[in-house]
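Let me see the structure of the following:
(one chain, ligands or ions: 1)
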Amino acid sequence: MKPTQRNREPAGRFRVVALVAVLGLSLAACSGSGPQTALNPEGPIADSINDLWQLVFIMATVVFIIVQGGLFYAMGRFRERKDDESEPVQLHGNTKLEIAWTIIPVVILASIGYPIVRGIFDVRTIPEGPDVLQVQVTGHQWWWEFEYVDLVGDDGRTLVTANELYIPERTDVNLTMTSADVIHSFWVPVLAGKRDVVPNRVTNLTLHANNATPPDQPHPGQCAEYCGLAHADMRFKVHVRTQADFDNWVEGQLAPAAEPTEGAAADGYAAFTTCIACHNATVAGSDGVEDVGPVRTLEVDGVTFTSSLAPDLTHFGSRMTFGAGTFENDREHLARWLANPVDLKPMRPELNDIEAGRILGMPNFNLSDEDIDNLITLLEGWK
Ligand SMILES: [Cu+2]
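Okay, the predicted model is just below:
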């Protein structure tokens, strides 16, 4: 045995092990544990996108097998042999072959291209009519604001919430979107494709969900365009409800929060004066119903968007999560948030400029443990 051959053996085995490891890892990526997958569509729009991907995947696989098969066949069949010095037949300028390998790809591309272009137009069509639920979306670094422009309470206020979108099942929902700062992208993988959310521009996206989600299992959504420090924590939830449950939710959200008059919640309300520099809450007190914090809007292409400095807290206690769909809404997480928000979510509040409307996170107010406790009681009571 030649020395080089002996050396080659362990290296060869290493390569096999490495190959198996890489293949294993890539296959593990196919396990069904990821909830943010576009491969389990939950509505007709996501279905049509998934169907296109299946079609393209199957055709690409067939082409891949034919091309690679041909390659390996040629490598084996025409490889150089020790006892055979002759060259295989050389071809040049075979008109039939050239016509064939021009026409076949044209046919393949056209048969993929037609359904894709049709699909793009389908998905981009803005639904119309009285049954369409209209929701305006404002992207902020690093949270989402939702306004249901057609859902108006007795006091004339529209329904405004943050980071948790409720929609009725089997209903077209037209999102009209803009950004208060940089480019974001709105993405609920099981319901629709991604759509950029761009400052000074209005974009639209249609959502349509087949079935209501269990109360504790909303569809996950995520900002899909890198937008700075907390981009990965710019998430949201989509709760799908039966029409009756949705109507109940709307009724609750349109009612103002109650101004507490005694106990920890009332002490919390006293401490809340710090918070209303940025946060609004619609509160029913002795002087009637009022917005205690700033209500700001943004005019883009003739559309008026609600564009607050921070999430509306009127019904904070009814949310499952906070910090843009990132943390469980419970006392423990809220206590950590109020003690030092930046400790929980990476943000840059030192760059805030309230006058200019530029907010990059919630600052630390060095609240006492007592204030934190009282504020939590206040906010969790605002269901
Ligand atoms: Cu973003």
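
what kind of secondary structure is the closest residue to residue 155 other than its chain neighbours in?
Residue nearest to residue 155 in three dimensions, not counting chain neighbours: residue 289, with 5.0 Å by C-beta to C-beta, 6 or more residues apart in numbering. Every residue, glycine included, has its C-beta placed from N, CA and C. Following DSSP: H, G, I helix; E, B strand; the rest coil, residue 289 is assigned to strand.

Who are the contact partners of residue 289?
By C-beta atoms under 8 Å, 6 or more residues apart in numbering, the residues touching residue 289 are 155, 256, 282-283.

Which of the residues you listed fall within strands?
282-283 (DSSP state E).

Mind listing what's buried along the longest helix along the chain?
For the chain, the longest helix by residue count, based on DSSP state H, is helix 44-77. Buried residues in helix 44-77, defined by neighbour count with 16 or more other C-beta atoms under 10 Å: 44-46, 48-50, 52.

can you check stretch 199-213 too?
For stretch 199-213, using 16+ other C-beta under 10 Å, the buried residues are 203, 205-209, 212-213.

Greatest separation within those residues: which pair is it?
Farthest apart among those by C-beta to C-beta are 203 and 212. That separation is 27.1 Å.

residues from the chain in reach of the ion?
184, 223, 227, 234 (C-beta under 5 Å from the ion).

how about residue 212, secondary structure?
Once three-state DSSP is applied, residue 212 turns out coil.

Tell me who's in contact with it.
169, 240-242, 245.

Please report phi then psi for it.
Torsion angles at residue 212 (phi, psi; degrees, to the nearest 10) stand at phi -60, psi 150.

and it, what pLDDT?
As predicted, residue 212 sits at a pLDDT of 97.

Equivalent analysis for residue 33, please.
So residue 33 comes in at 63 (pLDDT).

Over to residue 91?
We have a pLDDT of 79 for residue 91.

Which residue would you name as the spatial centre of this protein?
Against the mean C-alpha coordinate of the chain, by C-alpha atoms, centre = their mean, the closest residue is residue 222 at 2.3 Å.

With residue 189 as the reference, measure out to that residue.
Using C-beta to C-beta, to the nearest Å, residue 222 is found at 8 Å from residue 189.

any common contacting residues for the two?
Contact criterion C-beta under 8 Å, 6+ apart; residues shared by residue 222 and residue 189: residue 36.

Could you point out which of the contacts of residue 289 is nearest to the ion?
residue 282 (26.6 Å; C-beta to the ion).

I'd like to know how many residues surround the closest residue to residue 194 other than its chain neighbours.
Spatial nearest neighbour of residue 194, chain neighbours left out: residue 187 (4.3 Å); criterion: C-beta to C-beta, 6+ apart. As a burial measure, residue 187 scores 22 neighbours (other C-beta atoms under 10 Å).

Quick check: bridge partners of residue 187?
Using DSSP bridges, the bridge partners assigned to residue 187 are residue 222.

Just to check, it is in contact with residue 197?
No - counting by C-beta atoms under 8 Å, residue 187 stays clear of residue 197, with 10.0 Å between them.
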